[in-house]
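J.: no sequence for this one, just the structure:
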């Protein structure tokens, strides 16, 4: 495979096959990163997108996702609380905006919010949009089309719902809901006019083929933002002893996703603090978005440090 010829074809509009994508794991590492970065610049320019998240409802999750500290199945001592109060969310959103992060996401534990909880959180979101003036994203599980419409009506334009892994490997990760339930929820959100943020976690024990299969599913769904999380093994979960991926393996995966997803935001998300450079090399390997600040149950990166790094790399922070 001539990586430079393939890069030129992708810039010209060519869509990779799964076989070609798999072969990219074996090409020269520096050449792969360079080509992915050129594809990113061609399709996305130097735009970079940050978001921050708030854990808006924590713990006691009915689902058995084997990587998650919030699952009620594993007895992990994570924080447990219901929907946070409106004033707490508004104050946190304002704090993030003040340091330069203008996309703000509310994330809740559980399979889905109830209709009543959706109504309550819609009131909070409307206040955040009106009073703080940030873009608000929502990650509330497997909602119905009707509840996505409620969110859209108060100003939410992007929802988050990770596939987590490939269709085949997902059965190893979670048994309490199915892959098609996730896809149905994503399509329901798209039907009311929302953009979608959906990706997964690498380091779950999946194969490289699983990662490629997930990327092609995301491409078929027309996903706008693709978070790539790195498993941060948490004691007390079934995946606490998973072997940590190397930085090269992580950045190869990011670069290959850029070849596949072309113009989407490739978002380095959870687990970034595990990297010795907090992702600098990843942002020269095709990634052009990130989650900054405090995460759900693991350590994040200070937004001021993030913005400084991104400016040094020649990016322009956009919403």
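T.: The structure has been received and is ready for your questions. On a predicted model such as this, the values are computed, not experimentally measured, just so you know.
J.: for the strand of greatest length in the chain, which positions count as buried?
T.: As assigned by DSSP state E, the longest strand anywhere in the chain is strand 47-57. Buried residues in strand 47-57, counting neighbours by 16 or more other Cβ atoms under 10 Å, are found at 48, 49, 50, 51, 52, 53, 54, 55, 56, 57. C-beta coordinates here come from the backbone N, C-alpha and C atoms, glycine included.
J.: got it, and stretch 247-260?
T.: So, applying 16+ other Cβ under 10 Å, buried residues of stretch 247-260: 247, 249-260.
J.: what of stretch 210-220?
T.: 210, 211, 212, 213, 214, 215, 216, 217, 218, 219.
J.: quick one: the strands in the stretch 51-200 of the chain?
T.: For the stretch 51-200 of the chain, the strands defined by DSSP state E, counting those that start in this stretch cover 103-108, 135-139, 158-160, 195-197, 200-202.
J.: helices or strands next to the fourth one in the packing?
T.: With contacts defined as 3 or more Cβ pairs under 8 Å, 6 or more residues apart in numbering; DSSP states H and E, strand 195-197 has these neighbours: strand 158-160, helix 179-191, strand 225-230.
J.: if we go to 10 Å?
T.: Using 3 or more Cβ pairs under 10 Å, 6 or more residues apart in numbering; DSSP states H and E as the contact test, the elements touching strand 195-197 are strand 135-139, strand 158-160, helix 179-191, strand 225-230, strand 265-268.
J.: how about these in JSON lines, adding distance to residue 129, mean neighbour count and mean pLDDT?
T.: Shown next, in JSON lines, are the helices and strands packed on strand 195-197 (distance: least, Cβ to Cβ, whole Å; neighbours: other Cβ atoms under 10 Å; pLDDT from 0 to 100):
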{"stretch": "strand 135-139", "distance to residue 129": "6", "mean neighbour count": "22", "mean pLDDT": "97"}
{"stretch": "strand 158-160", "distance to residue 129": "13", "mean neighbour count": "23", "mean pLDDT": "97"}
{"stretch": "helix 179-191", "distance to residue 129": "18", "mean neighbour count": "18", "mean pLDDT": "98"}
{"stretch": "strand 225-230", "distance to residue 129": "19", "mean neighbour count": "24", "mean pLDDT": "97"}
{"stretch": "strand 265-268", "distance to residue 129": "21", "mean neighbour count": "25", "mean pLDDT": "98"}
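J.: quick one: the helices in the protein, in order.
T.: 3-11, 18-23, 29-44, 86-98, 115-127, 145-153, 167-173, 179-191, 208-221, 247-261, 303-312 (DSSP state H).
J.: reformat the buried residues of strand 47-57 as a markdown table; add distance to residue 174.
T.: Listed next are the buried residues of strand 47-57 as a markdown table, based on distance: Cβ to Cβ, whole Å:
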| residue | distance to residue 174 |
| --- | --- |
| 48 | 32 |
| 49 | 28 |
| 50 | 29 |
| 51 | 24 |
| 52 | 26 |
| 53 | 21 |
| 54 | 24 |
| 55 | 20 |
| 56 | 21 |
| 57 | 19 |
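J.: which parts of stretch 33-41 are buried?
T.: Here stretch 33-41 shows 33, 34, 35, 36, 37, 38, 39, 40 as buried, counting by 16+ other Cβ under 10 Å.
J.: and the last one, how far is that from residue 29?
T.: Residue 40 is 17 Å from residue 29, where distance means Cβ to Cβ, to the nearest Å.
J.: and what of the fifth one?
T.: Counting by Cβ to Cβ, the gap between residue 37 and residue 29 amounts to 13 Å.
J.: now the common contact residues for the two.
T.: 255, 285 (Cβ atoms under 10 Å, 6 or more residues apart in numbering).
J.: quick one, what contacts the most centrally placed residue in the chain?
T.: The centre of the chain sits closest to residue 227, judged by Cα atoms, centre = their mean, with a distance of 2.4 Å. Neighbouring residues of residue 227 by Cβ under 10 Å, 6+ apart: 51, 160, 162, 197-201, 265-270, 289-291.
J.: which residues does it form beta bridges with?
T.: residue 267 (DSSP bridges).
J.: could you check how far it is from residue 289?
T.: With Cβ to Cβ as the criterion, residue 227 and residue 289 are 8 Å apart.
J.: over to residue 190?
T.: Relative to residue 289, and taking Cβ to Cβ, residue 190 is found at 19 Å.
J.: my read: residue 57 touches residue 140, true?
T.: Yes. Counting by Cβ atoms under 10 Å, residue 57 does reach residue 140; the two are 8.7 Å apart.
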